[in-house]
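Novice: Provided below are the primary sequence and the corresponding predicted coordinates.
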Amino acid sequence: MELRRYIVRRMIQVIIIFFLILTVLFLLFRLAPGDPVSMMVDPDMTQEDAEILIVQLGLDQPIGVQYLIYLKNFFTGHFGFSFHYGEPVVDIIWNRLPNTILLFTTSIILSALVGVFLGKIASWHKGKKTDSLMTIGALVTHTLFLPWLALILIWIFAYKFGWFPINGMISEEVWLDPEAGFIAKALDVMYHMVLPLFTLFLIHFGAYLLIMRSSMLETLKEDYILTARAKGLTEKVIRDHHAAPNAALPVVTSVGLSLAFSINGGALTETVFTWPGIGRELVSSVSQNDYPLALACFLMIAGVVLVSNLVVDVLYAYLDPRIRY
Amino acid sequence: MPCMNAKQRRFSCRWVLILACATMLLTGSCLVSTASAANILKMGLLQEPKTLNVWRASDRWSRKVVGLMYQPLYVRDPETLKLIPWLAAEPPLFDEKTLCYTVKIRPAKWSDGTELTSEDVAFTARFINEFKVPRYRSKWNFVKKIETPDKRTVKFYLKEPKAIFVSRSLTTPIVQKKEWTKLAEEARKTKKPLKRLLNEKIKNPVSSGPFVLKEWRQGGFLYLQKNKHFFGTGKKIQGRLLGPYIDGVIFKIYGTSDASILSLKKGSIDMFWWGIQPGYIEDLRANPDIELFQNEKSALYYMGFNLRRAPFNDANLRRAIATLVDEDFIIKRILQGYGIRMYSIIPPGNAFWYCPDVPRYGEGLDREARIKKAFGILRDAGYTWDVPPVDGSGKVVNGEGIKLPDGKPMEKFTILTPPADYDPHRAMCGMMMQEWLRMLGIPAYSKPMAFGALLQQVKVRHDFDSFVLGYGNLSLDPDYLRNFFISTNDKKRGWNMSGYNNPHFDKIANESASAMNRDKRRNLIWEMQKIIIGDVPYIPLYDPKLIEAVRKGRFTGWVQMLGGVGNIWSFCQLKPM
Amino acid sequence: MTESDSSNRMTAKEKYPWITSFLEGWSIFRQNLLGKIGLVLLIIFALMAICSYIPPWISPMYNPMTGVDPEITSCTPPSLRHWLGTDFMGRDILSQLLAGARIAFMVGISAAVMSIVLGVSIGMTAGYMGKFVDTLLMRLADMIMVMPTLLVVLLLSAVFGQLNIWTIVLIIALFRWPGVSRIIRGQTLSLKQRPFIEAAKVAGASHFRIIFMHIMPNVLPLAFLFMTFRVTSAIITEAALAFLGFGDPGTVSWGMMLQWVWKTGHMFQAPYWLLPPGICISLITLSFYMLGRAMDEVLDPRLRKEDQTD
């Protein structure tokens, strides 16, 4: 009962926060000095044209009216039209979202699995060479500057060796080939995903490794491990079956907490690899003053972040009965 | 319980790792050797086209693609640059008394197989006027009436004489009446019809050009297929036998020039549809598989002043600065030779309209002579210095503390330029300009600014001192000369960004707009250029040359033209080898 | 060392207990390899930042932003004249790199200080006041904490057209305080129960005085630890922002340099230009990170004990 009340309360909070973000951003955008029309610079675009466009885009309306329209659109599942695509923003987002989810979740899962696995080993060899090598390795890869790492990987693997495509997500040879089935297409996407995935993986696994390592060290001091030892179980059994599962819990929560960090990285990776995802769309819409699109992309991301934090919190409250709010 | 968890975790962990490794190896080995389709031309673009709605297309990538599908009545001949009939069958007939243009249309078909008639042409014009379509509206709003006496003839009656009608209005892309009538009707029912139309997603454009849309996988590629109903197929226009001889065009998107050029070298694309930066040229020239084309552009890069505020409201100061600016240095050093010196606002390549005898500031002078001359202009205009840039013995020193004729010291001012990554040339011009001006004691500061913010500052708010901007794609009709400097355009978002105001110029400019006689109009346009360069609200700097790279061996027959080889003629004449 | 000397030192130590703890901490820190590496790296970067004033002073062509070698107009490999080569306009890469170090320190430290000041005051206020204020502030912290800072700054740069470097620093600081304030709040909560706070209250000290005179000194070491992490995140955010093309076009930061390499298409042609800025960003991040971890061990007695027993 208490848990349910907690969940409901947190949900209400999330909704309020979401609308707060929406409102603040909306106001900021509409009060901003720039407008998309001024970005159109060919001499064919006359001043009258610009004014007609401004009226058509609804930018001449009082800000309150614009806000209400935006809210109405929002509740009808419609984020307005992109200034540059001339398409409903929702369509663009639905088109890009799966690509982002694919890259993002794969990278998180992969780096968390590897991070946990290596962290376990490192903690087991605490103080030895393996441990210090792993710790330093994790620190170094984790602090690499992501876009630069991406460029270097492209340089090595796409340019020097030519093993992987430079960018994009699909190659037209496969997708236009009428004989290519689902598997061929899926393989093509995976082939394109290798480098961006590897970039994200290198950056992230170190963090998970370090968390797992210290969490393991904590766990190993717990009473039940001592009990297990007393029972005469082998070290391997104790490590893998008793300590590791419990020690991995903080890694799970840290996935949730570091989501914001990962999303930043995701946007950078998508941009460098021209991966057609939400992050890249956000960056390019920002540079073109395409406010409806930029705002919607950001809200989308903010929504995902808020919801996943909620899920992590609830999960934590559920798993760890000591925590009650 | 923990035991179970751990087992599962370990199992899944290993499994995922093995799977990942396996797929990487698999994909790597099986995809390298995919053969490319025979007769499809592959083009690299820097960014993805945003839309295929011809009225919405405002970014250059969309316009490149849309231009291959929607066709106008008249196009430019690649050699003479004269307008020649395209969808039209013959040159327009003009009746001076009724101000009526009569245009005959070729027998042509839309890509859906229906006939393209005068109705479609009339519809397009009426559509633009009714919905006030941006960009096209100003080219059609002086048309009073349109008649279609028969399927092949259209008559346009103008409200007043307009010089731009043939070169600007009749080069509008024609859309299909059938397709757009439906959309227009729906749009009329809404509160904002234009918005509705601009936001229309055209999934399957019906067009009349050499190519039609086959597939567009957003974020991946865009595939245009040969249009079997293309009116030009097998026809000779201007002595050129048109195809298209290729089966289609695929556009691929690469975020940066690096990636595109690498793909070009590897052979994954046949052409990179964008100018090649000088830094790559040596490398590409040495590559036996790559062919480089060098063409002129109809472009203008210039430095503009804010004539609304001191000290730039003084023409003498502007002339002195124009004298100081070393265009030859800019072209030789900054553009590394890939540019043409501009003397007037109209590029010299546009030979008919370009006025060769405008004042040429500081031509042929070296650095010292320029400083002396500029110093002379300013001294005569009443400017004084704490330390004059030319000392008593006539030696050039660093000037300091320049004072305006009214005795006030000249305040610091900024030269706004786009940031270095957006356009290194302009950013660098700003920096050089700063150095040159400082030699004369003029406190100039070059300031790179994000492009959007820069336009906002210059075009909307008019809050700036001076700037370096450019137009990469000027039309060949010189009407922009009027638009840039006529006082009625000195408004928020107007084209007269400098705030130039000269009633004499306004009068001639308006006359030129309604001069229907080409030679008479030329005289007026020349007169306008002389006035402008005399007053220098803009200092023209350069017109860059366009270097494009294509791959040899698969296709041949690129047509060189002002604006590069990526023109409609090339696409109609390219042949697979 | 004479007896009086040592007794003097003793009294000094007794007078200022923080000196003792500092010295104690220092000796632990000195045993920490990571911390030492981090410190050495940081000193090198600091030297770079200081040296950044030298090249423009030698010749105006070494000015990182506006200096152009009069004889070079394209990207050239390292030479005697330009130790790290020149960029696409003929500007000296080494002077840009040095200037970048200055910008990195400036951005990192000022953003970190601002966010720590903000985080500490908010954390203490929330923890001390409790109730409604606490809930409100902590919800606000939650909200801000989950936002991807880079994307927020990106959006704001679209809103304002262009941000100058100080605005960027300010925005980063405004979005990076919640982590600190949560920890500080926790500390404050436990401190609040301590007798000396009660005593101060009974003695009639104002809230303001209690917060700043009694609580703050006790939470400051922790705040200082957090500062090193904030420095890294500020440097990374600024660099990433500049890399994406939304930095201050008037400054030469490492991120900006990377953007120039990338956007002007010299990535494959000029490794001498691509490598240095990236290495610098990564190393400065790493060094602050190592320093932070080392300080973590110094400050966390539990962890220290563990090390000793092992």
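Specialist: Structure received. Numbers count the residues shown, from 1 in each chain, chains lettered A, B, ... in the order given.

Novice: show me what contacts residue 80?
Specialist: All of this refers to chain A. The contact partners of A:Gly80, taken as Cβ atoms under 8 Å, 6 or more residues apart in numbering or on different chains, are A:70, A:73, A:88-89, A:292, A:296. In this view, the C-beta of every residue, glycine as well, is placed from N, C-alpha and C.

Novice: cool, A:Leu310 as well?
Specialist: Taking Cβ under 8 Å, 6+ apart as the test, what A:Leu310 contacts is A:10-11, A:14.

Novice: Look up which helix or strand whatever residue of chain B ends up closest to chain A falls in, please.
Specialist: Nearest to chain A in chain B, going by Cβ to the nearest Cβ, is B:Gly219, at a distance of 2.6 Å. For B:Gly219, there is no host helix or strand (DSSP states H and E).

Novice: now it, nearest residue through space, not along the chain?
Specialist: The shortest distance from B:Gly219 to any non-neighbouring residue, by Cβ to Cβ, 6 or more residues apart in numbering or on different chains, is to A:Pro276 (2.6 Å).

Novice: Can you flag which of the contacts of A:Leu310 belong to helices?
Specialist: If you go by DSSP state H, the contacts of A:Leu310 have A:10-11, A:14 in helices.

Novice: Show me how to select, in ChimeraX, the buried members of the contacts of A:Leu310.
Specialist: Selection of buried members from these for ChimeraX, criterion 16 or more other Cβ atoms under 10 Å in any protein chain shown:
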select /A:10,14
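
Novice: Same list, the contacts of A:Leu310, but as a markdown table with distance to C:Val133 please.
Specialist: Shown next, in a markdown table, are the contacts of A:Leu310 (distance: Cβ to Cβ, whole Å):
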| residue | distance to C:Val133 |
| --- | --- |
| A:Arg10 | 20 |
| A:Met11 | 23 |
| A:Val14 | 21 |
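
Novice: hang on, the earlier thing: would you turn the ones in helices among the contacts of A:Leu310 into TSV with pLDDT?
Specialist: Below are the ones in helices among the contacts of A:Leu310 laid out as TSV (pLDDT from 0 to 100):
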residue	pLDDT
A:Arg10	83
A:Met11	87
A:Val14	86
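
Novice: mind checking pLDDT for the nearest residue to C:Pro271 once chain neighbours are set aside?
Specialist: Residue nearest to C:Pro271 in three dimensions, not counting chain neighbours: A:Trp155, with 7.5 Å by Cβ to Cβ, 6+ apart. A:Trp155 carries a pLDDT value of 89.

Novice: Specify the local secondary structure of whatever residue of the stretch 1-150 of chain A ends up closest to chain C.
Specialist: Among the residues of the stretch 1-150 of chain A, A:Trp148 lies closest to chain C, at 3.1 Å counting by Cβ to the nearest Cβ. Three-state assignment for A:Trp148 (DSSP: H, G, I helix; E, B strand; the rest coil): helix.

Novice: ok, it - how many residues close by?
Specialist: As a burial measure, A:Trp148 scores 27 neighbours (other Cβ atoms under 10 Å in any protein chain shown).

Novice: B:Gly399 too?
Specialist: 23.

Novice: I'd like the distance between it and B:Ser393.
Specialist: Counting by Cβ to Cβ, to the nearest Å, the separation of B:Gly399 from B:Ser393 is 15 Å.

Novice: wait, which of the ones in helices among the contacts of A:Leu310 is closest to A:Ala267?
Specialist: Using Cβ to Cβ, A:Val14 comes nearest to A:Ala267 of these, at 22.3 Å.

Novice: was I right about that closest one contacting A:Val307?
Specialist: Yes - assessed by Cβ atoms under 8 Å, A:Val14 is found in contact with A:Val307 at 6.9 Å.

Novice: Centroid-nearest residue for chain A?
Specialist: A:Ile263 (3.3 Å; Cα atoms, centre = their mean).

Novice: is it true that that residue lies in a strand?
Specialist: No - A:Ile263 sits outside any strand when classified using three-state DSSP, being helix.

Novice: Quick check: phi and psi on A:Thr46?
Specialist: Note on A:Thr46: backbone dihedrals following degrees, to the nearest 10 are phi -90, psi 170.

Novice: Name all residues that make contact with the residue nearest to it when sequence neighbours are not counted.
Specialist: Distance criterion Cβ to Cβ, 6+ apart; nearest residue to A:Thr46, sequence neighbours excluded, is B:Ser138 at 4.9 Å. Counting by Cβ under 8 Å, 6+ apart, B:Ser138 makes contact with A:44, A:46, A:48-49.

Novice: can you tell me which helix or strand B:Ser138 belongs to?
Specialist: Per DSSP H and E: B:Ser138 is located in helix B:137-140.

Novice: my guess is the residue nearest to B:Gly219 meets A:Ile93, correct?
Specialist: No - A:Pro276 lies out of contact with A:Ile93 (Cβ under 8 Å); the separation is 11.7 Å.

Novice: Between these two, which has more neighbouring residues?
Specialist: Between A:Pro276 and A:Ile93, A:Pro276 has the larger neighbour count (other Cβ under 10 Å), namely 22 against 19.

Novice: what does the stretch 51-200 of chain B put close to chain A?
Specialist: When proximity is defined by Cβ under 8 Å from any Cβ of the partner chain, the stretch 51-200 of chain B lies next to chain A at B:51, B:53, B:56, B:58-59, B:132, B:134-138, B:192, B:194-195, B:198-200.

Novice: Now distance to chain B too, for the ones in helices among the contacts of A:Leu310, in CSV please.
Specialist: Output for the ones in helices among the contacts of A:Leu310, formatted as CSV (distance: Cβ to the nearest Cβ, whole Å):
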residue, distance to chain B
A:Arg10, 26
A:Met11, 28
A:Val14, 29
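
Novice: out of those residues, which one sits closest to B:Arg63?
Specialist: Among these, A:Val14 lies closest to B:Arg63 (Cβ to Cβ), at 43.3 Å.

Novice: coming back round to it: which of the ones in helices among the contacts of A:Leu310 sits closest to C:Met138?
Specialist: A:Arg10 (12.9 Å).

Novice: which ones are touching the closest one?
Specialist: By Cβ under 8 Å, 6+ apart, the neighbours of A:Arg10 are A:310, A:313-314.

Novice: Secondary structure element holding the residue in the stretch 51-200 of chain A that chain B sits nearest to?
Specialist: In the stretch 51-200 of chain A, no residue comes nearer to chain B than A:Tyr191, which is 3.7 Å away by Cβ to the nearest Cβ. Per DSSP H and E, A:Tyr191 falls inside helix A:182-219.

Novice: What residues of that helix count as buried?
Specialist: Buried-residue list, helix A:182-219, by 16+ other Cβ under 10 Å: A:184, A:187-219.

Novice: next structured bit after that helix?
Specialist: Criterion used, DSSP H and E; the element after helix A:182-219 is helix A:223-231.

Novice: Please see if the next helix or strand after that following helix touches chain B.
Specialist: Per DSSP H and E, the first helix or strand lying C-terminal to helix A:223-231 is helix A:235-237. No - if you take Cβ under 8 Å from any Cβ as the test, helix A:235-237 misses chain B, and the best it gets is 8.7 Å.

Novice: for the stretch 51-200 of chain C, which spans come out with low pLDDT?
Specialist: C:161 (pLDDT under 70).

Novice: In contact with the residue nearest to B:Gly219, which residues are there?
Specialist: Contacts of A:Pro276 by Cβ under 8 Å, 6+ apart are A:95-96, A:99, A:168-169, A:270, B:48, B:218-220.
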